[in-house]
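Participant: give me a 3D structure for the following:
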Amino acid sequence: MFPTTPPAPTTASAPAAIAARVKAIAGDMGFQRCGIAGIELGEDEAHLRDWLAQGLYGTMDWMARHGDLRARPAELLPGTVRVISVGLDYGRNDDDSAWRTLADGSRAYVARYALGRDYHKLMRNRLQKLAQRIAAEIGPFGHRVFVDSAPVLERALARNAGLGWIGKHTCLIDRNGGSWFFLGEIYVDVPLPVDPPATAHCGSCVRCIEVCPTRAITAPHRLDARRCIAYLTIEHDGAIDASLRPLIGNRIFGCDDCQLVCPWNKFAKRTDEPDFRARNGLDTATLAELFAWDEDEFLQRTEGSPIRRSGHRRWLRNLAIALGNAPGTPENLAALRSRRNSGDALIDEHVDWALRRHAA
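Facilitator: Below is the predicted model of the structure:
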C-alpha cells in the first residue's frame, strides 16, 4: 500500500523534468530502455480474458486466478497512477551458434535467457536502487517493484511505455534493439507524463508462426501454451504428450526459435552483463553429459540459475525426450539405459519411450 502523504517538494518539481531524470538515472544504472505508461489496459484485459476462456494457459492456474488483476494496476497496488517500465538486454549475438546447437541432435539447447544467472534478483535489486535514487531527488513516493513476481501485464505496459510492440509471437520487439531483453516495472503514485505507445512493425511477416516446432502460435498474437516448448519444458509438471515429444528436438529448457528467426533481432545489441554469461558450459554441453547429473549435482550447478526452479525431475524428463530425438550413438543409448528402472514412473516412461523410438 502506498503512503497517504504526498511526495515531498522537489527542486525538479515539473513532472516532465522528473520523468527525464527517471530515464537518465535508469540509463546510468544499466537499463537500455525506460518509459512511462498509464494504467489503462482495457483492450488487453479483454484479450487476456478471451485467452483464459479458451483454456490456452494449460496448467498455469495462477493465470486464471489473477486474470483481471493483471490488467488493473490500481487494484493490485492501490494508489498507482503510472508505471515505470524498463528493459535490460541479455542478447548474446550468437544466433549462428544457437542454430548450430539446434542442428546438432546430441547437444542440449537451453533458452538463451537461462544460460547464466537468474535475472529476477539482479533486476529486482537494480530497480530497488533506481527507486531509491528517484526518492533521493523528489522525496518519498509510493512505489513497488515488480520483476515477473506478481500478476502484471508487463508486455502491454512496456508497449504503452514505448519500449516496443508485441510481436505476432507475443514477445516484445524494440525496432532498435530486437527482442532479447528482460522487463521490469515500478508502480508509482506520481502522475508523471506518459510516453507514446510503440507502434507495430511486423507487417506481413509470419516467420515466427511458421518456424514454431509445435505450431503453438496458432494465429498472430495467439499462443497456445499447451503446445509451447517453453511451457512444456519449464512450467508443465508431468508427462509430455507423446505426439509433441518428437517436435521438441533437443530443446531441454525453453525455446528461442521464434526470436532467432525474427528479422528485427539483427538490431539486437550484445550485452556482456557478467551474470548473463553462460555457466557450466550449458551453451556447448551434450545431452548425455547433462543426463548424468544426479540431483545433488543438478542443485549445485544450477544454484542461482532459472533452471533450478524446474527441478531435477523435469530436467531428466526433458533430457530423456531430447535423447530419444538424438542420433542413436553408443553414448546417447548408454545414457538412456543408465536411467532405466529409476523408480520414478515419470522418468521411466520417458526413458522407455526414447529407447523404443531408437529401437524402431
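
Participant: which outside residues touch stretch 53-71?
Facilitator: With contact meaning Cβ atoms under 8 Å, 6 or more residues apart in numbering, stretch 53-71 is reached by 41-42, 44-45, 48-49, 51-52, 75-76, 151-153, 156, 222-226, 231, 235-237. Heads up, the C-betas are built off the backbone N, CA and C, glycines and all.

Participant: and the residues you listed, which of them are in strands?
Facilitator: In strands, defined here by DSSP state E, the members of the contacts of stretch 53-71 are 222-223.

Participant: are any of the contacts of stretch 53-71 buried, and which?
Facilitator: 41, 44-45, 48, 51, 76, 151-153, 156, 222-226, 231, 235-236 (16 or more other Cβ atoms under 10 Å).

Participant: just give the closest residue to Pro191, not the sequence neighbours.
Facilitator: Leaving aside its chain neighbours, Pro191 sits nearest to Val81 (5.2 Å; criterion: Cβ to Cβ, 6 or more residues apart in numbering).

Participant: repeat that for Glu75.
Facilitator: Distances taken as Cβ to Cβ, 6+ apart place Leu69 nearest to Glu75, at 5.9 Å, with adjacent residues excluded.

Participant: what strand or helix carries the one you found?
Facilitator: In the assignment (DSSP states H and E), Leu69 maps to helix 67-70.

Participant: any buried residues in the longest helix seen in the chain, and which?
Facilitator: Longest helix of the chain, by residue count under DSSP state H: helix 119-138. Within helix 119-138, the residues that count as buried by 16+ other Cβ under 10 Å are 119, 122-124, 126-127, 130-131, 133-134, 138.

Participant: just the closest of the residues you listed to Thr329, please.
Facilitator: The closest of the buried residues of helix 119-138 to Thr329 turns out to be Tyr119 (Cβ to Cβ; 34.7 Å).

Participant: so what's Val83 up against?
Facilitator: Each residue near Val83 by Cβ under 8 Å, 6+ apart is listed here: 36-39, 73, 157, 161, 185-188.

Participant: swap in 10 Å and give it another go.
Facilitator: Residues in contact with Val83 (Cβ atoms under 10 Å, 6 or more residues apart in numbering) are 35-39, 41, 73, 77, 146, 152-154, 157-158, 160-161, 185-188, 192, 194.

Participant: just the ones of those in helices?
Facilitator: Using DSSP H, 73, 154, 157-158, 160 are the members of these that sit in helices.

Participant: check those residues and tell me the two furthest apart.
Facilitator: Farthest pair in the ones in helices among the contacts of Val83 (Cβ to Cβ) is Pro73 and Ala158. Separation: 13.0 Å.

Participant: common neighbours of the two, please.
Facilitator: Shared contacts of Pro73 and Ala158, defined by Cβ under 10 Å, 6+ apart, are found at 37, 83, 185.

Participant: thought the last one was touching Asn160?
Facilitator: No - the pair Glu185 and Asn160 fails to qualify as a contact (Cβ atoms under 10 Å) at a distance of 11.3 Å.

Participant: any common contacting residues for the two?
Facilitator: Taking Cβ under 10 Å, 6+ apart as the contact rule, Glu185 and Asn160 both touch 37, 83, 85, 153.

Participant: relative to Val81, how far out is Pro274?
Facilitator: Distance, Pro274 to Val81, by Cβ to Cβ, to the nearest Å: 36 Å.

Participant: and the closest residue to Ala114 other than its chain neighbours, what does it touch?
Facilitator: Distances taken as Cβ to Cβ, 6+ apart place Pro306 nearest to Ala114, at 4.7 Å, with adjacent residues excluded. Going by Cβ under 10 Å, 6+ apart, Pro306 touches 110-111, 113-120, 234, 253-254.

Participant: same check, this time on Val261
Facilitator: 95, 99, 169, 205, 207-212.

Participant: could I get the residues you listed as TSV with neighbour count?
Facilitator: Shown next, in TSV, are these (neighbours: other Cβ atoms under 10 Å):
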residue	neighbour count
Asp95	19
Trp99	15
His169	24
Cys205	16
Arg207	16
Cys208	24
Ile209	18
Glu210	11
Val211	15
Cys212	22
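
Participant: which elements pack onto the longest helix of the chain?
Facilitator: Other helices and strands packing on helix 119-138, by 3 or more Cβ pairs under 10 Å, 6 or more residues apart in numbering; DSSP states H and E, are helix 15-28, strand 82-89, strand 143-146, strand 181-188.

Participant: just the CA atoms of the third one, as PDB, please.
Facilitator: Translated: strand 143-146. Provided in PDB are the C-alpha atoms of strand 143-146 (Å, rounded to 0.1, in the frame of the first residue of the first chain):
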ATOM      1  CA  HIS A 143       6.100   2.600  -5.200                       C
ATOM      2  CA  ARG A 144       6.500  -1.100  -5.600                       C
ATOM      3  CA  VAL A 145       9.000  -3.000  -7.800                       C
ATOM      4  CA  PHE A 146       7.900  -6.000 -10.000                       C
END
